[in-house]
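Q: Can you look at this prediction? I've put the sequence above it.
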Number of protein chains: 2
Amino acid sequence: MDTDPRQRLIASATALLTDEGVEAVTLRRIAREAGVSHGAPLRHFAGRAELLSAVATTGFAELRRRGENLPGSAPRERLLAACRAYLGFALDNPAMFELMFRHDLIDAAEPELASTNTAAFDHLSELVGAAQRDGWRAGTDRRLLTASLWAALHGLAELWLWGGLDGTRVRATLDVTLETYLG
Amino acid sequence: MDTDPRQRLIASATALLTDEGVEAVTLRRIAREAGVSHGAPLRHFAGRAELLSAVATTGFAELRRRGENLPGSAPRERLLAACRAYLGFALDNPAMFELMFRHDLIDAAEPELASTNTAAFDHLSELVGAAQRDGWRAGTDRRLLTASLWAALHGLAELWLWGGLDGTRVRATLDVTLETYLG
DNA sequence: GCCGCCTGTAGACGGCGTCTACGTCGCAGT
DNA sequence: ACTGCGACGTAGACGCCGTCTACAGGCGGC
């Protein structure tokens, strides 16, 4: 059964997020969606930021899940698939992706979020490390290389979200980025 | 003299932005800062988005200005300097940079903003074109290459703003990115 | 001299996050 | 069996916010 009020509120918030975007996810609308009074959410979360942090945590978990079930066996092939998975996540869940990186809406210090968060980064870092052991850019510092690659993907997603890149062109641009790093 | 009320409001908003961050830039606070009543700004701007768009326009203009006075004469040298300038702008004006890419706060369709905006992109595109004519990645589509490079820089700035990269590490990561693209 | 526009004021409305006081169960301890 | 308490929810208030409307002064052009 799913009578845990925390989970119900997170579910309502997530539905609101994917349906109407990040601006629609207010405490009062979440409460209405869940069929409770406007003050009820504060019985289970210290404030709006804490509830949204819980929602974002599920987003990071899903992102990490996508980064684990990767096709391919060669390290560089797997790293490439992970990069495509990152952008695929952003394209499939634009509102969630936006929320996950809105530091004014969520509390980055929230422990559960922070751990899920760094876990996703560490996973990418491991893929980079495996590719390096395979001979790809072995001379570059692993953490810096991971951050650089991550930023390149992240910027692509962010610019698409912003409106600077239309949907079809973002795929072609991703190919250029991947070719630059891994070609 | 600077008695143009539009300019006064933009100046107050900019001061508020750099001093207290993007969340503090509300219409009512801008009005207070400018010493007028809370409804006065709506005499000169159709709404909050239009005022913030005007502020963001000055940001894009400053960004473009930085991209013009570049050291170096060799095309690749100039392109490299432009990339450093982009990140330098973000590091120097984090709140302005954040505002410029907050599509929920500004109106991307605002004509003056859109033109200043694409002008900055076109300038970077020209630098890329010059470098290509100099033999750098001549086989890649110029627009896609420009977008890819821009995204790599933008993501770096965005992740730093988000908190994922500390200030010193962002410089080192930028070096890795530039080495990847231009090395 | 009068009209109209520019600029600004003051108040209202609904929505927001948050706080507080108040209910209402169900269940554990004596 | 009664009591007390903790989990859960309600209702109202407060001070923000953006926006709308009604109103007032000031000043140049007919």
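A: Good, I have the coordinates.
Q: Provide the secondary structure category for residue A:104.
A: Assigned state for residue A:104: coil (three-state reduction, DSSP: H, G, I helix; E, B strand; the rest coil).
Q: now the closest residue to it other than its chain neighbours: how far from residue A:175?
A: Nearest non-adjacent residue to residue A:104, counting by C-beta to C-beta, 6 or more residues apart in numbering or on different chains: residue B:23, 5.9 Å away. The C-beta positions use only the backbone N, C-alpha and C, and glycine is treated the same way. Noted for residue B:23: a distance of 37 Å to residue A:175, by C-beta to C-beta, to the nearest Å.
Q: The two - which one has more neighbours?
A: residue A:175 (16 against 10; other C-beta atoms under 10 Å in any protein chain shown).
Q: what about residue A:93, neighbour count?
A: 18.
Q: and it, backbone torsions?
A: phi -130, psi 70 (degrees, to the nearest 10).
Q: Go ahead and confirm it touches residue A:21.
A: No - the criterion here is C-beta atoms under 8 Å, and residue A:93 misses it with residue A:21 at 11.5 Å.
Q: sorry, back to before: let me know whether the residue nearest to residue A:104 touches residue A:103 as I believe.
A: No - the criterion here is C-beta under 8 Å, and residue B:23 misses it with residue A:103 at 10.6 Å.
Q: Leaving aside the residues adjacent along the chain, what's closest to residue A:70?
A: The spatially closest residue to residue A:70, leaving aside those adjacent along the chain, is residue A:81, at 4.5 Å (C-beta to C-beta, 6+ apart).
Q: Is the one you found in a helix, a strand, or coil?
A: helix.
Q: give the contact list for it.
A: A:70, A:71, A:72 (C-beta atoms under 8 Å, 6 or more residues apart in numbering or on different chains).
Q: ok, it to residue A:94 distance?
A: In terms of C-beta to C-beta, residue A:81 sits 21 Å off from residue A:94.
Q: now do residue A:82
A: Distance of residue A:82 to residue A:94, given as C-beta to C-beta: 20 Å.
Q: Leaving aside the residues adjacent along the chain, what's closest to whatever residue of chain A ends up closest to chain B?
A: Closest to chain B within chain A is residue A:155: 2.5 Å, counting by C-beta to the nearest C-beta. Nearest non-adjacent residue to residue A:155, counting by C-beta to C-beta, 6+ apart: residue B:155, 2.5 Å away.
Q: Please consider this matter closed, and thank you.
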